[in-house]
Every structure is written in structure tokens, then in C-alpha cells.
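Q: got a structure for you, letters missing:
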Ligand code: PMP
């Protein structure tokens with residue numbers, strides 16, 4: 001109120017003029033913005049549903065409020081209660097905003113992969129945040145899923161939102177995101193392209209649109225390292241598909257109940273490198289500051305471009321805001337350190353082209369040191385990756401084995417896990433050699449080069465790089 005003005009009561013205000021009782025009223029009704037440059041190679045007209053206009057700057061505000069209100073109605077969340085959730089940040093933000101307005105406490109568990117900015121933002125909203133390791137099985141007691149479940153058992157008057165299996169999540173999109181897109185396109189939508197994490201956005205929105213127009217095609221964007229695409233195409237939950245990836249917000253290592261595979265027509269995988277590059281391109285070409293999963297969705301859309309015809313309408317969802325990634329994709333040093341910067345010159349693809357196509361030899365954690373020595377000498381390896389249930393958990397170098405056996409010859413019968421060092425880093429096969437070379441150091445004597453579309457992994461050592469230089 002400007003000093004000297006009369007106080008005004010909310011009843012006097014015309015609520016149709018973008019005036020709300022509290023911030024929760026501003027959730028939804030986000031704009032649809034036509035993309036003009038980044039999609040120039042696509043014949044169809046492409047619109048982005050820009051979800052950064054929600055108060056928490058992400059689409060997850062919609063489902064967070066819906067989960068809370070359904071839990072209140074069902075008597076699961078009571079006055080003064082504590083909301084607990086495993087969240088990568090955006091759902092946490094939606095829950096935290098609603099918790100402030102409605103008077104709840106929040107405790108969130110998240111992973112050490114998430115941008116620190118996201119964690120700081122949640123704390124700014126009064127939430128307690130516990131950061132857990134990323135690279136462990138969901139059933140592991142240290143995982144962010146397990147820690148949040150334990151906290152629910154230990155905290156009186158608490159409720160776990162459980163965005164993965166709580167169907168209020170997809171219902172929120174069935175009731176809001178879907179109808180908005182239908183009305184905004186006046187029913188002309190032909191394709192929906194969406195990054196898939198819990199599956200709430202794609203399945204709720206997709207189900208609504210398919211009910212309205214069964215011919216609408218629903219395209220899910222997945223990451224390499226996630227299980228969705230293989231499960232959709234084969235019905236097999238393949239643990240070998242799982243490995244660490246960088247893209248935030250999408251892909252999973254389990255099957256959430258919000259993913260209804262019958263709604264999604266096709267899953268398209270996008271590499272971390274392309275997702276990062278296109279996150280930056282959206283800003284440069286369209287002036288829209290969206291987050292990492294928007295970059296992934298645009299990269300996927302371009303991979304799929306032959307499916308979109310002239311005269312058709314495509315809608316792609318931009319889930320969250322670029323501010324959450326200023327320390328990552330919008331930080332040039334980070335892009336360089338990850339090998340994502342685009343520079344002229346040869347790439348890792350050229351360095352591995354004469355390597356054995358058989359891919360990668362690795363040892364299981366319980367193989368003996370003796371076995372490792374034999375394997376390294378037979379294959380002429382100076383280092384070898386160590387895996388556990390298909391996950392790369394460590395590595396072993398000739399130098400480390402040599403030093404350990406000299407110290408104590410009995411170590412030869414021990415499992416390699418007693419000697420193992422940090423796992424080798426994965427890099428994309430398109431990484432420029434000039435960015436890859438500094439990644440190989442005495443502490444990190446090799447990198448694993450992934451050719452994602454061909455599903456091949458190669459090991460590259462300093463010697464391989466030297467030969468090429
Ligand atoms: N992008 C971002 C940035 C997200 O936070 C999420 C939620 N995990 C998604 C995409 C995927 O949305 P959904 O969980 O509805 O599948």
C-alpha cells in the first residue's frame with residue numbers, strides 16, 4: 001500500500017484482474033510460446049509450454065499443491081504436520097511454497113548430483129534439506145528414497161508426498177496442464193514432447209490429450225543411464241541400462257507408478273552432452289531461460305524431427321528455469337570441465353576408432369587381486385574398471401596393484417574391492433580431444449568413452465592421447 005492510500009479490502013478488488021488471495025493462486029495458466037529459430041529445421045510449428053512462470057519457477061508447483069490438497073482431504077496431512085519428500089529440487093520448491101501458505105514444516109532429501117543452487121533455494125524457503133549420495137541403489141539405506149522413508153517413520157505427524165507413486169501427481173496434469181494445452185492450441189495439437197522423471201507430467205497431460213484426440217502422439221524424452229526406453233520397447237527392466245548421468249530432472253533407475261507406459265508412444269534418449277549444449281542454445285536462439293530438461297527435450301525433438309510434418313502442431317514442455325543451472329550449464333568453466341564445450345579439432349571418436357570393438361573388460365568387486373593381475377597382463381592393460389552388478393564402482397591401476405603386492409604378497413588372494421580406487425570418469429564420444437586430455441591425470445589415469453547410440457564403452461589412457469598428439 002502506498003503511504004497515505006486508504007487500506008483496501010480484498011473483497012473490493014476485481015479478482016479477474018490477475019489478483020490473488022495468496023501465491024498459490026498463481027500456479028498454472030502458463031504461456032505457450034512459439035519457437036522460431038532453434039526449431040528452424042522442423043517442418044511443423046513448435047510451441048514451448050513455458051512452466052517457469054509458476055511461482056516456484058517450475059511445473060512441479062502444480063502437482064505439489066495437488067498432492068498436499070489430496071492428502072489433506074484424505075486426512076493424511078494434518079494441521080502443523082511435516083511434509084517429507086525425496087526431491088531433486090523442483091517438487092521441493094512447490095511443496096515448500098504451499099507449506100508456507102498452509103503452515104506445514106518440510107524436510108527434503110536430495111542427491112549430491114543436484115545443483116547447490118537448488119538446495120540453497122529450498123533452505124531459503126525454510127525447508128530442512130538432507131543431501132544423500134547419488135550413485136547407490138534405491139534400496140540402499142543411504143539413498144535419498146530410503147532416507148526419506150526412514151524420516152517418515154521417525155517424525156511424528158509427518159506425511160511423505162511420494163511423488164513417484166502418488167497418483168495425485170499425474171492427476172494434477174490431467175486436470176490442469178492437459179486442458180490448458182488443449183485450449184491454447186484450440187485442439188490443434190498433434191505431438192507432445194516431454195522429459196520424463198516421475199512420469200506425472202507426460203502421463204497426466206498425455207492421457208487428457210489422447211482422450212480429446214486419440215491421434216495425438218506422446219513422445220517421452222529419456223536419458224542414457226535410465227531404464228524407461230528399454231522397458232517400453234522390450235518389457236524388460238534391465239539393470240544394465242543404469243549408470244550415472246548428469247542431466248537433471250529426467251530418467252530413473254526404477255519404474256515409478258506415475259509412468260503409464262500405455263500413454264507414451266515412444267521414448268527417445270538424449271546424451272548429457274547434447275542436453276547441456278541445447279540448454280544453452282534455447283537461451284541464445286529464443287531468449288527463453290529454461291532449465292536442463294528443456295535442453296534435453298529440444299535435443300530429443302530435433303532427433304525426432306522426421307516425425308513432425310508441415311501443418312502439424314508440436315508442444316514441448318519446458319519444466320523449469322535456467323537460474324537453477326547457473327553453476328552448471330550456464331557456467332563456461334563447468335561446460336569445459338565436463339568436455340561439453342564445442343571446440344574445433346579431433347574428438348574422442350577418432351581416438352577409439354582403432355580400439356577393439358569388443359568394448360570394455362571389467363572385473364567384479366569380488367574377483368581376487370591375483371585374477372586382476374592375470375587379466376591385466378593377458379590383455380596388456382595398465383588399468384581396469386571394477387563393476388558391481390553392472391555399475392562401475394571403482395578402478396585398479398597397475399601401479400596400485402604393484403605397490404600393494406610388494407607391501408604384502410598375501411593380498412593376492414583378497415578381493416579387488418580392498419584395493420580399488422575411484423571409478424573412471426565417463427565422457428561422451430563427441431568430447432573434443434583438447435578437453436579430454438586434461439581429464440587424464442596421475443590420480444585419474446584413464447577415462448571411459450561412451451558411444452551412447454551404439455551402446456559401446458572404450459577405455460582411453462594417457463598413452464592413447466599421447467599417440468594421437
Ligand atoms: N524436468 C525437471 C527439471 C524436473 O524437475 C522434472 C521432475 N523430476 C522433470 C523434468 C520430469 O517431470 P515428471 O516428474 O513430471 O516426469
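A: The structure has been received and is ready for your questions. Here the structure is a predicted model, which means the values were calculated and not measured.
Q: Closest residue of the stretch 101-250 of the chain to the ligand?
A: Scanning the stretch 101-250 of the chain for proximity to the ligand using Cβ to the nearest ligand atom identifies residue 249 as nearest, at 2.4 Å. Placement of C-beta: from N, CA and C, glycine included.
Q: Then the stretch 1-150 of the chain?
A: Closest residue of the stretch 1-150 of the chain to the ligand, Cβ to the nearest ligand atom: residue 90 (3.8 Å).
Q: ok, residue 172 touching residue 60?
A: No: the criterion here is Cβ atoms under 8 Å, and residue 172 misses it with residue 60 at 9.4 Å.
Q: tell me the strands in the stretch 251-400 of the chain, going along the chain?
A: When assigned using DSSP state E, counting those that start in this stretch, the strands of the stretch 251-400 of the chain occupy the ranges 266-270, 313-318, 363-364, 383-388, 391-397.
Q: What helix or strand is residue 98 located in?
A: In this structure, residue 98 sits in helix 90-102 according to DSSP states H and E.
Q: Over to residue 194?
A: Here residue 194 is covered by strand 189-195, with elements defined by DSSP H and E.
Q: Contacts for the helix or strand just after that strand, please.
A: Heading C-terminal from strand 189-195, the first helix or strand you meet, by DSSP H and E, is helix 200-212. Taking Cβ atoms under 8 Å, 6 or more residues apart in numbering as the criterion, the residues outside helix 200-212 that touch it are 59, 63, 163, 169-175, 177-179, 181-182, 187, 189, 192, 194-196, 216, 218, 220, 258-260, 263-264, 317, 319.
Q: near the ligand, which of these show up?
A: Restricting these to those touching the ligand (Cβ under 6 Å from any ligand atom) yields 195-196, 319.
Q: Weed out the non-buried ones from those.
A: Buried members of those, scored by 16 or more other Cβ atoms under 10 Å, are 195-196, 319.
Q: okay if I get those as CSV plus distance to residue 230 and pLDDT?
A: As requested, those are arranged in CSV below (distance: Cβ to Cβ, whole Å; pLDDT from 0 to 100):
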residue, distance to residue 230, pLDDT
195, 17, 98
196, 13, 98
319, 23, 98
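Q: of all these, which comes closest to residue 100?
A: Distance to residue 100 across those (Cβ to Cβ) is lowest for residue 319, with 22.0 Å.
Q: so who does the closest one touch?
A: Going by Cβ under 8 Å, 6+ apart, residue 319 touches 51, 58-60, 90, 195, 201, 249, 290-291, 293-294.
Q: I'd like to know how far residue 346 sits from residue 289.
A: Residue 346 sits 33 Å away from residue 289, going by Cβ to Cβ, to the nearest Å.
Q: Who has more neighbours out of those two?
A: residue 289 (19 against 13; other Cβ atoms under 10 Å).
Q: and the nearest residue in space to that one that is not next to it in sequence, how many neighbours does it have?
A: Closest residue to residue 289 apart from its sequence neighbours, by Cβ to Cβ, 6 or more residues apart in numbering: residue 322 at 3.7 Å. Look at residue 322: counted by other Cβ under 10 Å, it has 22 neighbours.
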